[in-house]
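Asks: Need a 3D model of the following:
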Amino acid sequence: MTSEGGPFTVLDVGGTTLRIGAYDPATGVLSRVRRMPVEGMHRDPGAPVPVLQRRVVDQIVREVGAHTGGHAPRALGVAFAGPITAGGLVLAAPTVWGRRGDPLPLGDLLTERTGAPAVVVNDLTAAAWRYAATEPGDFCLLTVSSGIGNKVFRGGDVLVDADGHGGELGHWVCDVSPDAPPCDCGGRGHLGAIASGRGVLAATRRAAAADPAGFGRSRLAALCGGRAGDIDNRATARAVREGDAFATKVLRGTLTHLAQAISAVFTSIGVCRFILMGGFALAVGEPYRRLLVGELTRLGCFGLDAGQVDAMVSLGVADDDHGLIGAGRLLADRTPVPSSQGAP
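Replies: Next up is the predicted model:
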C-alpha cells in the first residue's frame, strides 16, 4: 500500500527514546504515536559503535515496517540526535552510540531498506520546522535540557551548511578559566556545561555546599529533605516556580551566559524572535522566561527597549512531539503534491 496521498511516517530518534507516528500533510495532524527505548548505548553502553549503529538502523526499519503493516510508507522523515549533512549522513551521535565512529549514511540506508524516500535531519532542525508553520517571520529555536542547542530559521529554511555546521550555541566557550565546568563533549567552559539543566544542577549543588545555612533555609532544601546531594532538576524547577530565593539566584547566575549568547545572535543577524523549549526550561516555565528576559534587559540588546526584549522571548509548546511534527512539516515542504491534488 503506497498511497501518494497518504500520511508520512515520521520518527524522532534520541539518546534514550525512539518515537514513531503518522503525519497527515493535508491536515497537519500527528497520530498513532508510539514510544520505545532506543537500542543504542543507553541499553548497551559497552557495545562497539558499529554494532550500535547497525542495531539502531535495524530498529528503525523494523518499527517502520510494524507501523505501516509491512508496506512501504509514502515518505519517511527522521529527526535524529546528532549533526547531519544535507545528504542525510550522520556525522556523530554521542547520545545514541557514544564515541564518534564512522559517519553513517542513514538517509541512504533507510531509503534502500524501506523502499521509501527518506529525509534525515538533526532533531532540533526538525523542531524548527514545527514552529515555521506558525511563526510569521524569522526566529531562533533554543532548547535547554541536558544540553543546549539552537537553530535559526530564516528565509524559508534552517541556517545550517551542507556539512551540518550551525546551531551549536551549547559549545560556545563562554568561560575560559582552567577550572571551568566540563562539557559532555570533553571541552571546558561551554555554554551547555554552564546553562543547561545539567549545568544548573551542578551549580545548585555547588551553591548548597558553599552556603549550607542559606540552603538549609530554602524551599529547595525542604523539597530535598535538607540534603544537598539529593538536589535534582525537578526539585530545582519546582523551587524556582514557587519563588525560592536560593534556587532562583543560582539559576539567574547561569542565565547570564545564555543571555550573552542570545544577544550575540540578535546583534549579529537581526533575529528578533527566540522560542524556548527543552525539558528543563519548560519545567521551570514562565519564571525561566522572566529571568532570562531580565538578564537580556540588564545586558542590553542594541536598539531594543525593555518591552521589546520581553516580547522577543517566548516559551515553546510543552510536549515531546517537536521532532515528529517538524519532520512531517519538512517532508510536506519538500514532497511534490500529487497531480490529483493539484490546483482545481
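
Asks: So for K151, what's the pLDDT?
Replies: For K151, the pLDDT comes out at 94.

Asks: ok, the host helix or strand of it: who's next to it in the sheet?
Replies: Counting by DSSP states H and E, the element that carries K151 is strand 148-154. Strand 148-154 pairs in its sheet with strand 139-144 (antiparallel), strand 157-158 (antiparallel), by DSSP bridges.

Asks: How far does that strand sit from its chain's centre?
Replies: On the basis of C-alpha atoms, centre = their mean, to the nearest Å, strand 148-154 sits 9 Å off its chain's mean C-alpha point.

Asks: That strand: which residues count as buried?
Replies: 148-153 (16 or more other C-beta atoms under 10 Å). C-beta here means a position set from N, CA and C on the backbone, and glycine is covered the same way.

Asks: One more: stretch 106-121?
Replies: 106-107, 109-111, 113-114, 116-121.

Asks: Sitting in strands, which of the residues you listed do you find?
Replies: Counted as lying in strands by DSSP state E, out of the buried residues of stretch 106-121, are 118-121.

Asks: Return the member of the residues you listed nearest to H171.
Replies: V121 (18.9 Å; C-beta to C-beta).

Asks: Distance check, that closest one against A128.
Replies: Per C-beta to C-beta, to the nearest Å, V121 is found 9 Å from A128.

Asks: What ranges does the chain have for its strands?
Replies: Counting by DSSP E, the strands of the chain are 8-13, 17-24, 29-37, 76-80, 118-122, 139-144, 148-154, 157-158, 274-277, 313-315.

Asks: how about those, which one is nearest V200?
Replies: Taking the strands of the chain one by one with C-beta to C-beta, strand 139-144 is closest: 8.8 Å.

Asks: could you dump the strands of the chain to a markdown table with distance to R241?
Replies: What follows is those, written out as a markdown table (distance: least, C-beta to C-beta, whole Å):
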| stretch | distance to R241 |
| --- | --- |
| strand 8-13 | 27 |
| strand 17-24 | 25 |
| strand 29-37 | 26 |
| strand 76-80 | 29 |
| strand 118-122 | 30 |
| strand 139-144 | 15 |
| strand 148-154 | 21 |
| strand 157-158 | 32 |
| strand 274-277 | 15 |
| strand 313-315 | 13 |
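
Asks: Nearest to L89, out of the ones you listed?
Replies: Between the strands of the chain, strand 118-122 lies closest to L89; by C-beta to C-beta that is 8.4 Å.
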